[in-house]
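**Q** With the sequence up front, the predicted model follows.
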Amino acid sequence: METDHLKLTSSEIGTLWGEYVNGTMAEIVNRYMISILEDESIKKVFQIAIETWEKQKKQIVSFIEKDGFPVPIGFTESDLNKGAKRLFSDTFCLNYLHIMTIHGLLGHTTALSVSVRKDLREFYNSCDNDAKSMYDLTIELLLEKGKFQRDPYFYPTDSPDIIFTKNFTDGFFGKGRVLSATEIISISLNIKKGVMAKALSIGFSQVTESKEVRKFLEDLGKTADENLQALAKIMQTDNLPIPMSWESEVTTSKDSPFSDKLILYHMGFLAQTAQVYYGTGLAGSMRTDLAVAYEKAVLKVLGITKNWFDLMVKNKWLEQPPLAPDRKELAQDK
């Protein structure tokens, strides 16, 4: 049965709305980064990212308008300060695009999983393929330049093993076992994402005009560092290498490339996605010390996102997504 004629469900308009707002944010950042890049090979990848989003944006707008919803404001030319000095190195920009592509992969998969209409499913499948292609491009270029940070190597055993003791979950007081390969997945990814968030918070705090936004960025950077240190300590205890930091890839520029609205929204977006990744790590942790580290990280980031929401609302920078009909209010208006 053809489903293209069906009206958008709440989940479908919600994903389109989120894709548009987050996509326009990333577009502005990518356009700034391509303007400061010196490496032509990295420039080409960014150009592909910009052209890919332009194609996707047109389709998203078409979906939204066809069902009579207003197109979100998102982020526009007014959020980009053209001619701003270099704030990030070429290496940082490429790593940034790689991490943001990972976020895109998750977003497209989530959107696909709640889509019923065939045209939407086909669209998100194409978005997913675009993101996979970008993932490959960024990894290949990082490898070529010797900048990709591989996860730790494990060595094979002679045969499969079975868990025979409840002590497998013990991670405190030096009694516990070493980390498992399945636990490393989330630890490594969360550290890499935290490294980027910390570096961005440092760079953005140098250039933002608002004292309140600067204070928020400093608090976020401190929280990101605390969560990084907690996970890094667990890795180091097992003599495993941790991803390097990116702070040195941030210049000393005080010239802001973006509006304070974009800066604050971007960091809030990273804080919210961090909760998802920390939660995933918690669900897959079988060592008690690792589970506790994730629980603490989630609670700390919850406090950060609450402050972010208050600050966005105070400055009238937070766009409202489509809401369910308020039946009580409609009844009272009669």
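**A** Alright, I've got the coordinates.
**Q** tell me the contacts of Thr24?
**A** 57, 72, 74-76 (Cβ atoms under 8 Å, 6 or more residues apart in numbering). For every residue, glycine as well, the C-beta is placed using N, CA and C.
**Q** let's see 10 Å
**A** Taking Cβ atoms under 10 Å, 6 or more residues apart in numbering, we find Thr24 in contact with 53, 57, 60, 72-76, 79, 262.
**Q** Also Tyr96?
**A** Applying Cβ under 10 Å, 6+ apart, the residues contacting Tyr96 are 26, 29-30, 33, 46, 88, 138, 196, 199-200, 246, 249.
**Q** can you rerun that using 7 Å?
**A** Met196 (Cβ atoms under 7 Å, 6 or more residues apart in numbering).
**Q** residues of the host helix or strand of it that come out buried?
**A** In this structure, Tyr96 sits in helix 90-113 according to DSSP states H and E. By 16 or more other Cβ atoms under 10 Å, the buried positions in helix 90-113 come out as 90-105, 107-108, 111-112.
**Q** Can you dump the C-alpha atoms of stretch 148-159 in PDB for me?
**A** Provided in PDB are the C-alpha atoms of stretch 148-159 (Å, rounded to 0.1, in the frame of the first residue of the first chain):
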ATOM      1  CA  PHE A 148      42.700   9.100  13.500                       C
ATOM      2  CA  GLN A 149      42.800   7.900  17.000                       C
ATOM      3  CA  ARG A 150      42.300   4.100  17.100                       C
ATOM      4  CA  ASP A 151      40.700   2.300  20.000                       C
ATOM      5  CA  PRO A 152      42.900   0.000  22.200                       C
ATOM      6  CA  TYR A 153      44.000  -3.300  20.700                       C
ATOM      7  CA  PHE A 154      43.100  -6.600  22.500                       C
ATOM      8  CA  TYR A 155      44.800  -9.900  22.000                       C
ATOM      9  CA  PRO A 156      42.800 -13.100  21.000                       C
ATOM     10  CA  THR A 157      42.400 -16.000  23.500                       C
ATOM     11  CA  ASP A 158      42.600 -19.700  22.500                       C
ATOM     12  CA  SER A 159      38.900 -20.300  23.000                       C
END
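**Q** Determine how far stretch 310-330 lies from the middle of the whole chain.
**A** When distances are taken as Cα atoms, centre = their mean, to the nearest Å, stretch 310-330 is centred 23 Å away from the chain's centroid.
**Q** can you list contacts of that stretch?
**A** 10, 13-14, 17, 21, 69, 72-73, 212-213, 216, 261, 264-265, 268.
**Q** how about a cut-off of 8 Å?
**A** 10, 13-14, 17-18, 21, 69, 72-74, 210, 212-213, 216, 260-261, 264-265, 268, 309.
**Q** PyMOL command to pick out the buried ones of these?
**A** Selection of buried members from these for PyMOL, criterion 16+ other Cβ under 10 Å:
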select buried, resi 13+17+18+21+72+74+213+216+260+261+264+265+268
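**Q** before we move on, the earlier item: buried subset of the contacts of Thr24?
**A** Among the contacts of Thr24, those classed as buried by 16+ other Cβ under 10 Å are 53, 57, 60, 72, 74-75, 79, 262.
**Q** any idea which of these is the one closest to Glu38?
**A** Nearest to Glu38 among those, counting by Cβ to Cβ, is Trp53 at 22.6 Å.
**Q** Wait, that closest one touches Tyr20, no?
**A** No - Trp53 is beyond contact range of Tyr20, at 10.4 Å (criterion: Cβ atoms under 8 Å).
**Q** what's the distance between the residue nearest to Thr9 when sequence neighbours are not counted and Asp67?
**A** Closest residue to Thr9 apart from its sequence neighbours, by Cβ to Cβ, 6 or more residues apart in numbering: Val116 at 6.6 Å. Here the criterion is Cβ to Cβ, to the nearest Å. By it, Val116 lies 14 Å from Asp67.
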